[in-house]
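Enquirer: generate coordinates for the sequence data below:
(2 chains)
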Amino acid sequence: AQSVAQPEDQVNVAEGNPLTVKCTYSVSGNPYLFWYVQYPNRGLQFLLKYITGDNLVKGSYGFEAEFNKSQTSFHLKKPSALVSDSALYFCAVRDAAGRRALTFGSGTRLQVQP
Amino acid sequence: NAGVTQTPKFQVLKTGQSMTLQCAQDMNHEYMSWYRQDPGMGLRLIHYSVGAGITDQGEVPNGYNVSRSTTEDFPLRLLSAAPSQTSVYFCASSQGTVSGANVLTFGAGSRLTVL
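Expert: Numbering: from 1, shown residues only, chains lettered A, B, ... in the order given. This next block holds a predicted model:
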């Protein structure tokens, strides 16, 4: 089985401050990990993914995520938040060796205050 | 490129009515899928397809039917709508099959309300 947990329903951060959106996962083998973002009344957009290699993955709009195998985490980070980053963020996982479709977390709403 | 196109964007149904949500992609993607999004539950997979003529069930398939007669189209049918099917529905596609690290391209969503 595969699953992903996003422990925070909402994260509030002031503009210019660093942000972190947390994600932990569970798979039986090695994971493929993804972050997607959803702006209001829009579909989800791909931000970044981890397949293998460097634990720090850089993605769109200045976002990055750190893969930590021992903690089974894949937290999304950005050094300096913008008001325009306010959106719903989804972490997703797939077992690299399996044939199951992508499993999404419940989502974390990021609110960046000016 | 239009990407993934979903119609309609909004629909209100009465309990027991049937309808079809349309999804079309112009990227020649083999893999297509339907998700529903509910508050606090994230996205849950309803059905998916790895190519024309091939479909399979996801996490929450009951009450929904799909078919894949062409590479481009993957309609989702509600046979007898229930209030529990009130949700936002997303169609998504990617190259490759259900496994792998392929990136999903999502449609804009269809908001369905069942009274």
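Enquirer: residues from chain A in reach of chain B?
Expert: Within chain A, the positions near chain B by C-beta under 8 Å from any C-beta of the partner chain are A:6, A:9, A:32, A:34, A:36, A:41-46, A:49, A:51, A:90, A:94, A:96, A:98-107. C-beta here means a position set from N, CA and C on the backbone, and glycine is covered the same way.
Enquirer: just the ones in strands from the residues you listed, please.
Expert: The strands, defined by DSSP state E, take in A:32, A:34, A:36, A:44-46, A:49, A:90, A:94, A:103-104 from these.
Enquirer: what about chain A, any weak spots by pLDDT?
Expert: The model of chain A has no residue with pLDDT under 70.
Enquirer: how does it look with 90?
Expert: Chain A contains residues with pLDDT under 90 at A:1-2, A:28-29, A:40-43, A:52-53, A:95-102.
Enquirer: wait, B:F10 touches B:S110, no?
Expert: Yes. Counting by C-beta atoms under 8 Å, B:F10 does reach B:S110; the two are 7.4 Å apart.
Enquirer: neighbour count winner among the two?
Expert: Ranked by neighbour count (other C-beta atoms under 10 Å in any protein chain shown), B:F10 and B:S110 place B:S110 first, with 23 against 9.
Enquirer: chain A versus the more buried one, what's the distance?
Expert: Distance check for B:S110 against chain A: by C-beta to the nearest C-beta, to the nearest Å, it reads 10 Å.
Enquirer: okay, that residue: pLDDT?
Expert: pLDDT, B:S110: 96.
Enquirer: correct me, but B:G42 touches A:G107?
Expert: Yes. Here B:G42 reaches A:G107: they are 5.2 Å apart, a contact under C-beta under 8 Å.
Enquirer: who touches both of those two?
Expert: By C-beta atoms under 8 Å, 6 or more residues apart in numbering or on different chains, B:G42 and A:G107 have these common neighbours: A:6, A:90.
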